[in-house]
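Asks: Show me how the following folds:
(one chain, ligands or ions: 1)
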Amino acid sequence: MEVLRIATSGSVDDGKSTLIGRLLYDTNSIPQDKMEALHAASKRKGLDFTDLSLLTDGLVAEREQGITIDVAHIYFSTPTRKYIIADTPGHIEYTRNMVTGASNAQVSLILIDARKGIVEQTHRHFFIANLLRIPHLVVCVNKMDLVEYSEARFNQIVEDFQQLLASASFKAQQVKFIPISSLYGENVATRNGTINWYNGPTLLDYLEQIDLDQEDSRHPARFPIQSVIRPRTTEHHDFRGFAGKVASGHFNVGDEIISLPSGQKSRIKTIEQFETQLPSAHARESVVITLEDEIDSSRGNMLVKTGSVPEQRKEVTANVCWMDQQKLVAGKTYLLQHGVNRVKAKVQQINFVIDVTSNQHIEGKNDMGLNDIGSITLKTAQPIFADIYAENPANGSFILIDEFNNTTVAVGTLIT
Ligand SMILES: Nc1nc2c(ncn2[C@@H]2O[C@H](COP(=O)(O)OP(=O)(O)OP(=O)(O)O)[C@@H](O)[C@H]2O)c(=O)[nH]1
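Replies: From the prediction side, this is the model:
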């Protein structure tokens, strides 16, 4: 079953936890024992209703103190698809968590309190969705019950948000605005008729119909080799397969491929998954590919289709989000991990740092601190087979690792 990844982040009290709790509740995703814990925790808080916001990070005790700290992943499913929600706090000091949570999301869910409208954290969340080019944006205007379900108020927020959209460098393929009340469950997974001027889908209906295949078909085919499977038994003595996960696009049996970096060509003979022969492999599927010719490929190499070969780059400009307490300093060398490949990379220069709330570029900086986002130029010791992030996010991102203590210090998206 296809998985839809959603990233959400919000301001304190805009109702994110209640919304997620509501989604889980209305899709019958809450086990009985959790439901009981929820009733009990709500009672302890002196509430006369079950507070669905207590559910989301599983650690009810932590929730009772009213804080959300890291990226919480919430899972639920419907008969149509599985969902993973990455939930992050929206404060500026959690920018790195927002970036991590949103890094592989297909949908960015932005929550706005109908009474407050667009606030600083809406800007920040939108900036990150835009930076990471998340293709689908869903803006939920929550707490509609507290503005008497006013259509005029909703329209005003939509208009304000359209201005933000107009200023953005990347145009999301789809932007949807939905008026909701998480507390009363209106337009989350069901509708109870209080917002009768809204004829669009509920949040869940909208998520259910997002077409993921359409996106994948736009991206070039990339298959990073994770391991080479050599014959283990005599009956499979001529079997030599390349195991990995399709990063983007799709491959068909019979496709002509090139192996990078060697440049050797061959054709796909078989595609297998759990000993089943498949006619094709699509993005995010883990498969074993065998080729018609014996070619010399190993872990870290990449199979691509002829006609859409990524450039081999040794100098890259990228946007990075700095995640370490120790500052990024120009001139320092890190390990750049792209897919399964690790190469040494030296920071040539910091081009500018971006103010994530106002979107202003600040030039002339010599270092970047924790949670800073900026543009840097790197030189790598060996070439990488990466795509420009805007053209192919799955093969256009990387992480930087401190080679001495092995911590991830940045995530990056390739610009040139
Ligand atoms: N009236 C009304 N209240 C809501 C609605 N959604 C959430 N609330 C209330 O708003 C308050 C904050 O909701 P939460 O879900 O905890 O907000 P949050 O954004 O997750 O906040 P953090 O947990 O601090 O991140 C709670 O008292 C909720 O009951 C809504 O649609 N209508």
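
Asks: May I ask which helix or strand encompasses the closest residue to the ligand within the stretch 151-300 of the chain?
Replies: The ligand sits closest to L183 of the stretch 151-300 of the chain, with a gap of 3.5 Å, by CB to the nearest ligand atom. Placement of C-beta: from N, CA and C, glycine included. Counting by DSSP states H and E, there is no helix or strand that carries L183.

Asks: what's it in contact with, if anything?
Replies: For L183, the contact set (CB atoms under 8 Å, 6 or more residues apart in numbering) comprises 15, 18, 22, 143, 145.

Asks: ok, the nearest residue to the fourth one once chain neighbours are set aside to S182 distance?
Replies: In this case it means K143. Spatial nearest neighbour of K143, excluding adjacent residues (CB to CB, 6 or more residues apart in numbering): A114 at 4.9 Å. Distance of A114 to S182, computed by CB to CB, to the nearest Å: 11 Å.

Asks: which neighbours do those two share?
Replies: With CB under 8 Å, 6+ apart, A114 and S182 have common neighbours 142-143.

Asks: so S77 makes contact with L23?
Replies: No - using CB atoms under 8 Å, S77 makes no contact with L23, being 11.2 Å away.

Asks: More neighbours: which of the two?
Replies: Set side by side, S77 and L23 show more neighbours around L23, with 25 against 14, by other CB atoms under 10 Å.

Asks: Let me see the backbone angles for that one.
Replies: Phi and psi for L23, reported as degrees, to the nearest 10, are phi -60, psi -40.

Asks: Return the residues of the chain in contact with the ligand.
Replies: 10, 12-18, 53, 66, 68, 142-143, 145-146, 181-183 (CB under 6 Å from any ligand atom).

Asks: just to revisit the earlier point, overlap of the contact sets of S77 and L23?
Replies: S29.

Asks: quick one: low-confidence parts of the stretch 201-350 of the chain?
Replies: Applying pLDDT under 70 to the stretch 201-350 of the chain flags the ranges 231-238.

Asks: Can you tell me the closest non-neighbouring residue to S42?
Replies: D51 (4.5 Å).

Asks: That neighbour reaches L38, doesn't it?
Replies: Yes - here D51 reaches L38: they are 7.3 Å apart, a contact under CB under 8 Å.

Asks: Not counting residues beside it along the chain, what's closest to the residue of the stretch 301-416 of the chain found nearest the ligand?
Replies: Nearest residue of the stretch 301-416 of the chain to the ligand: N371, at 18.0 Å (CB to the nearest ligand atom). Leaving aside its sequence neighbours, N371 sits nearest to T95 (CB to CB, 6+ apart; 4.0 Å).

Asks: Count the neighbours of that neighbour for me.
Replies: 23.

Asks: and if you look at R153?
Replies: For R153, using other CB under 10 Å, the count is 18.

Asks: Now do the same contact list for it.
Replies: Contacts for R153 were tallied using CB under 8 Å, 6+ apart; they are 114, 147.

Asks: The host helix or strand of it: which residues count as buried?
Replies: R153 belongs to helix 151-166 when assigned by DSSP H and E. Buried residues in helix 151-166, defined by neighbour count with 16 or more other CB atoms under 10 Å: 153-154, 157, 161, 164.

Asks: Which residue ranges of the stretch 51-200 of the chain form strands?
Replies: 72-77, 82-89, 107-113, 136-142, 174-179 (DSSP state E, counting those that start in this stretch).

Asks: will you turn those strands into JSON lines that also has mean pLDDT?
Replies: What follows is the strands of the stretch 51-200 of the chain, written out as JSON lines (pLDDT from 0 to 100):
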{"stretch": "strand 72-77", "mean pLDDT": "87"}
{"stretch": "strand 82-89", "mean pLDDT": "90"}
{"stretch": "strand 107-113", "mean pLDDT": "95"}
{"stretch": "strand 136-142", "mean pLDDT": "96"}
{"stretch": "strand 174-179", "mean pLDDT": "94"}
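
Asks: how about a markdown table for the ones you listed, with distance to S280 added?
Replies: A markdown table is the format used below for the strands of the stretch 51-200 of the chain (distance: least, CB to CB, whole Å):
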| stretch | distance to S280 |
| --- | --- |
| strand 72-77 | 25 |
| strand 82-89 | 21 |
| strand 107-113 | 25 |
| strand 136-142 | 24 |
| strand 174-179 | 26 |
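
Asks: and of those, who's closest to K43?
Replies: strand 72-77 (23.2 Å; CB to CB).

Asks: ok so, going back, is it correct that the residue of the stretch 301-416 of the chain closest to the ligand is in contact with W322?
Replies: Yes - using CB under 8 Å, N371 is in contact with W322, at 6.8 Å.

Asks: Looking only at neighbour counts, state which of these two leads.
Replies: Between N371 and W322, W322 has the larger neighbour count (other CB under 10 Å), namely 26 against 18.

Asks: I figured the more buried one was touching I376, is that so?
Replies: No - W322 is beyond contact range of I376, at 9.4 Å (criterion: CB under 8 Å).

Asks: which residues are in contact with both of the two?
Replies: Counting by CB under 8 Å, 6+ apart, the contacts common to W322 and I376 are 328, 368.

Asks: Tell me which residues are up against the helix or strand hosting T413.
Replies: Taking DSSP H and E as the criterion, T413 maps to strand 408-414. Here strand 408-414 makes contact (CB under 8 Å, 6+ apart) with 99-100, 103, 131-132, 313, 316-324, 326, 328, 334, 336, 376, 386-389, 393, 396-402.

Asks: go with 6 Å
Replies: With CB atoms under 6 Å, 6 or more residues apart in numbering as the contact definition, strand 408-414 has outside contacts at 99, 316, 318-324, 386, 388-389, 396-402.

Asks: Which ones among these map onto strands?
Replies: 316, 318-322, 397-401 (DSSP state E).

Asks: First-to-last residue distance for stretch 211-223?
Replies: 22 Å (CA to CA, to the nearest Å).

Asks: contacting residues around it?
Replies: Counting by CB under 6 Å, 6+ apart, 2, 135, 244, 246-249, 251, 282-283, 303-305, 308, 392, 395 sit against stretch 211-223.
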